[in-house]
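Undergrad: Structure for the following, please:
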Amino acid sequence: PGNRSRLSGTAQSSNIYMNIVALPGQRDRFSLFILTSFDNPNYGLRLRYLYGKYRGLTLGYTDTPFTDGDAVPATIDSEGACGTVFYKTVTASWDQDFGHGFSGSIGIDVPKASLTYDANVGKVNQRVPAVPLYLQYRWGDGSHVRASALLRPMQYRDLLSECNRAIFGWGVQLSGLWDFLPGFCFHYDAVYGRGITDYLCDGAGIAADGTPSVSSPGRMDTSESLGLSVGLSYDILRNLKANALYSQMRVYPLGSSLHPASDYRYSQYLALNIMYFLNRYIMVGMEYDWGKKDTYGGDKLCANRLQALF
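TA: Residues are numbered from 1 along each chain as shown. Coordinates of the predicted model:
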């Protein structure tokens, strides 16, 4: 009560980055990218990206190949679309250009798991990497369509049988963007799977990749999740751009899995913005954001935000 509104400002979305390139334009071109931001408590510096590229190899801390960053338009809000894949980890991947617009990638992600535990199942070290891969077709000035997949084993401890067990997560995704008219670009992303909730933007840290089984104590079930995002970008002028984005994410109980009433069940997200580039170095923008979250117990949270960027 009394705190339904707030005026605030932050510089935490500011960042410092370096892109170091050796032998540009040559076959043995090598690059190293580093990006930091100030979004730790009290404006503490946080490493957001650190990776190198050599020919088709990418190695370091960056987005998993299961992420298609171009599938959603830009937002001022740093959180962005709730239902799109956005997952950073230590990863290694190999990209290959097959010609005629086709390309692909396969990689390994250092294993992490966001599971819910109880008195019958416990946490153990993860020891098997996840495997992301995709095939993409690109045409025109930047349009593309991408089909992606993810294979994700996760380990846990059966405390009743005193042995380690595993559940198998998997995901499929269709994403891309389409320049269908001069100045207009349509973005889309649809992802579905089991045991991949942590890979979705709004699913990070909610421990919904797997939940204890009710019918089989000591065992775990993978949770089912769905993410959908659509967006539209319009270049009004050469230095003036507008974006619209709608996204949703759902987490479903699977089989005998039981979710507590407070657990995340469904969310929606809307962003509308306009961005003006004063020159190569300075951008200003305004954005309206709307978000809604439902829990398994029927609680609903809803918020509106109007924000500006310099």
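
Undergrad: if I look at residue 94, how far off is residue 65?
TA: 9 Å (Cβ to Cβ, to the nearest Å). (Each C-beta comes from the backbone N, C-alpha and C, glycine too.)

Undergrad: Straight-line length of stretch 50-66, end to end?
TA: Start-to-end span of stretch 50-66 (Cα to Cα, to the nearest Å) is 18 Å.

Undergrad: Buried ones in the longest strand seen in the chain, by neighbour count?
TA: As assigned by DSSP state E, the longest strand anywhere in the chain is strand 163-181. For strand 163-181, burial by neighbour count (16 or more other Cβ atoms under 10 Å) applies to 167, 169-171, 173, 175-179.

Undergrad: can you check stretch 201-217 too?
TA: The neighbour-count check on stretch 201-217 (16+ other Cβ under 10 Å) flags 201-203, 206-213 as buried.

Undergrad: One more: stretch 83-102?
TA: Applying 16+ other Cβ under 10 Å to stretch 83-102 flags 83-87, 89-95 as buried.

Undergrad: quick one, what contacts residue 74?
TA: Contact analysis of residue 74 by Cβ atoms under 8 Å, 6 or more residues apart in numbering lists 233, 243, 273, 275.

Undergrad: which SS class is it?
TA: Three-state assignment for residue 74 (DSSP: H, G, I helix; E, B strand; the rest coil): coil.

Undergrad: What does it show for phi and psi?
TA: With angles defined as degrees, to the nearest 10, residue 74 sits at phi -70, psi 140.

Undergrad: next one: residue 43
TA: According to degrees, to the nearest 10, residue 43 has phi 60, psi 30.

Undergrad: Just to be sure, residue 198 is in a strand?
TA: No. Checked against three-state DSSP, residue 198 lies outside a strand; its state is helix.

Undergrad: pLDDT score for the closest residue to it other than its chain neighbours?
TA: Among residues not flanking residue 198 along the chain, residue 114 sits closest, at 4.1 Å (Cβ to Cβ, 6 or more residues apart in numbering). The model reports residue 114 with a pLDDT of 90.

Undergrad: What segments of the stretch 201-310 of the chain are helices?
TA: Applying DSSP state H, counting those that start in this stretch to the stretch 201-310 of the chain gives no helices.

Undergrad: one step back: okay, and the common contacts of residue 94 and residue 65?
TA: 105-107.

Undergrad: Which members of those residues occur in helices, if any?
TA: Among the shared contacts of residue 94 and residue 65, DSSP state H puts none in helices.

Undergrad: that older thread, am I right that the residue nearest to residue 198 is in contact with residue 199?
TA: No. When contacts are counted by Cβ atoms under 8 Å, residue 114 is not listed as touching residue 199 (9.5 Å).

Undergrad: Look at those two and report which has more neighbours.
TA: Taking neighbours as other Cβ atoms under 10 Å, residue 114 and residue 199 compare with residue 199 leading, 31 against 18.

Undergrad: Next, the contact list for the more buried one, please.
TA: 64, 66, 85-87, 150, 171, 191.

Undergrad: go with 7 Å
TA: Each residue near residue 199 by Cβ atoms under 7 Å, 6 or more residues apart in numbering is listed here: 66, 85, 87, 150, 171.

Undergrad: what does residue 228 give?
TA: 83, 190, 247-248.

Undergrad: quick one: buried residues of stretch 117-136?
TA: 117, 120-121, 126, 129-136.

Undergrad: Next: stretch 137-151.
TA: 137-138, 143-146, 148-151.

Undergrad: quick revisit: among the buried residues of stretch 117-136, which ones are in strands?
TA: Filtering those for strands - DSSP E - leaves 121, 131-136.

Undergrad: tell me which of those residues is nearest to residue 285?
TA: residue 136 (29.2 Å; Cβ to Cβ).

Undergrad: Do I have it right that residue 161 meets residue 218?
TA: Yes. Using Cβ atoms under 7 Å, residue 161 is in contact with residue 218, at 5.7 Å.
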